[in-house]
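Participant: just need the structure, nothing else, for what follows:
(chains A, B and C)
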Amino acid sequence: MRNIHKTFPGVRALQGVDFTLCKGEIHALMGENGAGKSTLIKVLTGVYEKNEGEIYLDGLEKPAVIKSPQDAQNLGISTVYQEITLCPNLTVAENMYIGRGSAKITNWKKMNEDADQILTNLGIPAKASQQLSDCSIAIQQMVAIARAVDMDCKVLILDEPTSSLDESEVEKLFGLMRDLRARGVGIIFVTHFLDQVYEVCDKITVLRDGQLVGEYVIEDLPRVKLVAKMLGKELDDMEEIKDDNQVYKGDDEYVFEAEQLQSDAGIRPFDFHIKKGEVNGFTGLLGSGRSECVRAIFCADRVTGGNVKMKGRPVKLAKPLDAMKNGIAYLPEDRKIDGIVGDLSVRDNLILAAQVLRGFFQPFSRAEANKFADEYIKLLEIKTASADTPIKSLSGGNQQKVILGRWLLTHPEYLILDEPTRGIDIGTKIEIQKLVLKLASEGMSVTFISSETDEMLRTCSRLVVMRDRKVVGELSGEDLTQGKVMETIAGGEAS
Amino acid sequence: MSMTKKKDGAALEGSKALTKKARLTDTNLLLLITVVVFVVMYAGAMIFLKKGFLKPQTFFNILNANAALIIASCGMSIVMITGGIDISVGGVVALVSMSCAVYLDYQGGNVFVSLLIALGIGLLFGVVQGYLVAYLDIQPFIVSLAGMFFARGMTTIVHTAPFNVANEAFVALKDTRINVPGMGTVNKMGNYVNAYVEIGVVVAVLTVIVLFCVLRWTKLGRSFYAVGGNRQSALMLGINVKQTRFLAHLLCGLLAGIGGYVYFLHVGSGSASHATGMEMNAIASSIIGGTLLTGGVGNIFGTFVGVLSLSTIQNIVSSIGLDQAWWTGITVAGMLCVFLVVQSVILARKK
Amino acid sequence: MTKKKMVFASRQIFIPIAALLLLALFNLAVDPSFFKITLGRNSAGDPVLTGYLMTILDYGSEVAILAIGMTLVTAACGGQDISVGAAVAIAGSVILRVLVGIGGDGTLQAPIIVGFLAACVVAMLFGAFNGVLVAIFNIQPMVATLILYTAGRSIAAWINNNELPIVTDKTFTYFGGFIPGIPIPTPFFLAVICIAITLLALRFTTLGLYTQAVGINASSSRLNGLNPVFIKWLSFVILGLCVAVVGLIKTSRLSTINYSVIAKDIEMDAILAVALGGNVLSGGKFNIMASIVGAYVIQFLTTTLYKFNVSSDALPAYKAVVVILLVVLSAPAIKDKLMGMVKKQKGVG
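Facilitator: Below you'll find the model as predicted:
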């Protein structure tokens, strides 16, 4: 197994990326969202077809042909995805053997024996005759790996397998990975957890914006440097960015306070507060729990504990409507799933939240709705054919502006923006940042989340840093520099 | 976000389950519930109601009356295991009996050809509905709803008035009784009366056994479960999902054809009102027998017990004096409703 | 741009109207007497208009009323209620039970309005039952309503102890027949009232916006403060109300009830009306007026088939063919293929 080499200048997703995996190594594939990790993997496993470039296997001269997941499997490339792609209603053994081979009749006894053999060999604590859904997620991941291993795989791709595992489960998984490495399997490991990368990996390849940043041996790349590579800022030129970053000087009135807030989305209880006219943010890598925190504030996930005060007055928030009534607005991270109502017009999407607040029996008249729509389309410079156009036919940035307009229309006191700039063009990004600062200067409190640190630094006067689903630090004033932020994000033995 | 949520819950449950060691699979758990419910119900009827329930023939009569339903339910279970549904079975049964009746009586045809007609009609419905569902990806419910109306409509187009079949060979076959040794009873006159079953019951039992084996041991059978468990995963595991769904509907149509013939053999007549509500009984039997509406879980033997439970409770209801016609419908719907809600709750808890 | 917009906005209602014109043209070609309307006198000596068109107006109104509720259920839940026929039987049974009672002599025991209100309450309760199964227990609408579909007619029979109470009072026949002096069938006016109420409700409440938002994206709706569970449940309750009105019309026509035949297969017509109105059966945007026109188109089709001596029992077979054609044509796989063919032809041309 040598030399998977591929270059394919795709349109935007991947631009001439090379990637090499050697026999018996664990190779981390890193990058922020949209860096092209999953595209690369999907090309390798035949889910997407590449536009250009070649894949070489086993040091052969001829490029391998991978056109479907089936092809990839036959060539010995197996993938274990973040979501379990096994059937939960079947037994462990069946999940390992179904869809393989040509046997028309299942020999249960032999299958269970074989499966048990493999499970023991790999040290997986599961029984062959167990139903898969009765196993923990970690075991299910391992069963998927066992299936892959038994199919004589040479390349094993693990796509964020650890994002929902606890520490002991991760440890078990790592044991298995090291074991496989010793057997000569090449493993590609995609993860957002830095600690894990440094624990098991030999090499790191970093992607950013569909381009290769570089391949590094793990010892040569300290954490802070890795974070810098992923975010695209060299440590040296980081300090100078801090320029017009305003330090919050407003009055001391707390708009929102939370104490030991906790939701069922798996974050550790956290404390949080925001003052009138303040802009602050949650930062951390993807999966660190930054979105879960704001979702808990807005009650988008079920809140399981903690106390909340609005303007010093204790309030009980149980559902999004409660939060809305208390002047909180939330622009969700996933625009498609949680934000837009695709088939409805721009106008209806704009007035939705305000309409809900106004009440069932007081619909906006056509004229009112049109007035609002025209006002916000103009204010936010939304590019749409008309207010009647279905929102799904707008571009991402304009969709985002509509959602933003929807919340501004409710005249919130506290606005939460979760990744408002993701996947939209640079011009719109800057517009949104400017708007945030303008709103804050008018007295609105804003919580801003973004994967791009410089964006956060430009807008926020205080940053709450998250790692592994818990708050690990809070930075403000002098500490608000790229370097400091990255150090805190990376944690551990940052130097 | 919700993905992670679900998984955390599942992980928690999973680790708990692991400590309990090998737990029952969903299929076996639901099967166990069904069998226990049935045994308790029948035993209760034997103890408290006595009357006929002590006679073995009562049990065999349940079988005789429900052989067709058993076969049709088996087809329904298979479709439901793959995550679909087919509500056209009742219509197909009626269409088959009417077509065969017309063929035998008016055309003077022979019994063997009538059987072929039955299989042909069933197969036709299976192929068309299977194609629409599997390859064109149309909701199974809409497809089979149309199928049901089509079959019912066609039945009256074939022949409007109900009538009995007088074809000699057929009547002979219809009246064939197979004695069950050792199960007879002594009647009031002191004569020994043999316990018997009809041919249909033999067909039904054979169907149950064959399908049980197919689902348990063949690649196709396991594919049904995989597709019903998670269609996307099944695809990733290298299963031809479209073909599997198609075959499930095909099999269901074919079984509806066989069931139609067995029904015809039992009643010996053609009528547009035959098998009214049979699709409902078939779905109810499957659900009571432990087939999950969402697919992936189910057992043919459970379906068999489900049919028996359903007809036993109907017998019980009528023997405690609630013998008006409407009680049957209400009982079936009630039982179904309870099982549906129980399943929904179990599913919600698992998530 | 504006022109394009106009075309887009009018497209949905265009489908049923085109179908209506097509059917009308067909009948005009085959037998123009289809459109003849005569003014006669009924057995009571009141002036009535008769003719195929009047029949369509008369019976199509039943379907139109149900189509209102069915459209809302479809939009909010992405599924259909197949128990409406059985529920109509229940509603009708309740009316007769209240008006005549078991063993009654046919004279009214209570004002008609009381009977109707009782039917409304009962039908809404059954709607609420369906709604609970769908909205709270997350059972697919069609399977959830299968329960009532089977049990409904039995329950209807049970309400009147399987008797067939007959109403002798003349005013009761007005609802399904003619009001003296007015030659147009009353069901049409009832439909107009229902439609007017619906349009007013859509105008003066946010029902339309909420239903569509929930049907298109329940998750997003929740984050905007809506309660998807309640909206879904509500749509079933509203359908219950429509069912009660149809129950009144149906029993009024006969002055009695036939539990196994009343409103048989009407669910099929209602679903078909929604589909023909161009509403997506998997939920989302809806257009009530299009559904209503669709309902009259269905009745047009039915009446045309009757005219060609198709028996009422065989009708479902023909309608099933229409349904299958509709869903096949709207299946994504077929749509893609058709688009591909169009493109190819363009490419060749």
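Participant: the residue in the stretch 251-400 of chain A that chain C sits nearest to and A:Phe360: what is the separation?
Facilitator: Distances between the stretch 251-400 of chain A and chain C by Cβ to the nearest Cβ are smallest at A:Leu321, namely 3.7 Å. Any C-beta I mention is one placed from the backbone N, CA and C, and that applies to glycine too. The gap separating A:Leu321 from A:Phe360 is 12 Å, by Cβ to Cβ, to the nearest Å.
Participant: now the residue of the stretch 251-400 of chain A closest to chain C. Nearest residue, chain neighbours left out?
Facilitator: Distances taken as Cβ to Cβ, 6 or more residues apart in numbering or on different chains place C:Gly225 nearest to A:Leu321, at 3.7 Å, with adjacent residues excluded.
Participant: residues contacting that neighbour?
Facilitator: A:Lys319, A:Pro320, A:Leu321, A:Met324, A:Ala353, A:Val356, A:Leu357 (Cβ atoms under 8 Å, 6 or more residues apart in numbering or on different chains).
Participant: same list (the residues you listed) but as CSV, adding neighbour count, distance to C:Asn258 and secondary structure.
Facilitator: Formatted as CSV, the contacts of C:Gly225 follow (neighbours: other Cβ atoms under 10 Å in any protein chain shown; distance: Cβ to Cβ, whole Å; DSSP: H, G, I helix; E, B strand; the rest coil):
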residue, neighbour count, distance to C:Asn258, secondary structure
A:Lys319, 17, 48, coil
A:Pro320, 23, 50, helix
A:Leu321, 19, 48, helix
A:Met324, 24, 52, helix
A:Ala353, 26, 51, helix
A:Val356, 23, 46, helix
A:Leu357, 16, 51, helix
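Participant: next one: phi and psi at the residue nearest to A:Leu321?
Facilitator: Backbone torsions of C:Gly225, given as degrees, to the nearest 10, read phi 90, psi 0.
Participant: what's the answer for C:Ile82, then?
Facilitator: Dihedral angles for C:Ile82 - degrees, to the nearest 10 - are phi -100, psi 10.
Participant: kindly state the domain boundaries assigned to the chain.
Facilitator: Since no chain was named, I'll use chain A. The record's domain parsing of chain A by automatic domain parsing lists A:26-221, A:240-490.
Participant: my bad, the chain I had in mind was chain C
Facilitator: C:2-309, C:311-349.
Participant: tell me which of the ones you listed sits most buried.
Facilitator: domain C:2-309 (a mean of 21; mean count of other Cβ atoms under 10 Å in any protein chain shown).
Participant: name the helix or strand for the residue most central in space within chain B, please.
Facilitator: Residue closest to the mean C-alpha point of chain B, counted by Cα atoms, centre = their mean, is B:Ser73 at 1.0 Å. Taking DSSP states H and E as the criterion, B:Ser73 maps to helix B:56-81.
Participant: flag every buried residue along that helix.
Facilitator: By neighbour count on 16 or more other Cβ atoms under 10 Å in any protein chain shown, the buried set for helix B:56-81 is B:57-81.
Participant: also stretch A:483-492?
Facilitator: Buried, per 16+ other Cβ under 10 Å, within stretch A:483-492: A:Gly483, A:Lys484, A:Val485, A:Met486, A:Glu487, A:Thr488, A:Ile489, A:Ala490.
Participant: of all the residues you listed, which comes closest to C:Phe26?
Facilitator: When these are ranked by distance to C:Phe26 (Cβ to Cβ), A:Ile489 comes first, at 71.7 Å.
Participant: show me the contacts for the closest one.
Facilitator: Counting by Cβ under 8 Å, 6+ apart, A:Ile489 has contacts A:Val227, A:Thr283, A:Gly284, A:Leu285, A:Ser288, A:Val465, A:Arg467.
Participant: please, where are all the helices along the stretch 101-250 of chain B?
Facilitator: Using DSSP state H, counting those that start in this stretch, the helices assigned to the stretch 101-250 of chain B run over residues B:111-130, B:140-158, B:168-175, B:199-217, B:219-229, B:231-236, B:241-267.
Participant: now do the helix or strand immediately after the last one in the chain: distance to the chain's middle.
Facilitator: As assigned by DSSP H and E, the chain's next helix or strand after helix B:241-267 is strand B:269-270. The gap between where strand B:269-270 is centred and where its chain is centred comes out at 21 Å by Cα atoms, centre = their mean, to the nearest Å.
Participant: any idea which helix or strand comes after strand B:269-270?
Facilitator: helix B:278-288.
Participant: that following helix and chain C, any residue contact?
Facilitator: Yes. Against chain C, helix B:278-288 shows contacts by Cβ under 8 Å from any Cβ of the partner chain at B:Met280, B:Ile283.
Participant: one step back: now the buried residues of stretch A:483-492 as CSV including secondary structure and pLDDT?
Facilitator: Below are the buried residues of stretch A:483-492 laid out as CSV (DSSP: H, G, I helix; E, B strand; the rest coil; pLDDT from 0 to 100):
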residue, secondary structure, pLDDT
A:Gly483, helix, 80
A:Lys484, helix, 82
A:Val485, helix, 81
A:Met486, helix, 79
A:Glu487, helix, 81
A:Thr488, helix, 83
A:Ile489, helix, 80
A:Ala490, helix, 77
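Participant: could you dump those residues to CSV with distance to B:Val208?
Facilitator: Listed next are the buried residues of stretch A:483-492 as CSV, based on distance: Cβ to Cβ, whole Å:
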residue, distance to B:Val208
A:Gly483, 72
A:Lys484, 71
A:Val485, 67
A:Met486, 66
A:Glu487, 68
A:Thr488, 65
A:Ile489, 62
A:Ala490, 63
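Participant: what sits against A:Asp202?
Facilitator: A:Glu25, A:Ile26, A:His27, A:Val217, A:Ile218.
Participant: go again with 10 Å.
Facilitator: By Cβ atoms under 10 Å, 6 or more residues apart in numbering or on different chains, the residues touching A:Asp202 are A:Cys22, A:Gly24, A:Glu25, A:Ile26, A:His27, A:Ala28, A:Arg181, A:Ile187, A:Phe189, A:Val217, A:Ile218, A:Glu219.
Participant: from the residues you listed, which is closest to C:Arg153?
Facilitator: A:Phe189 (61.7 Å).
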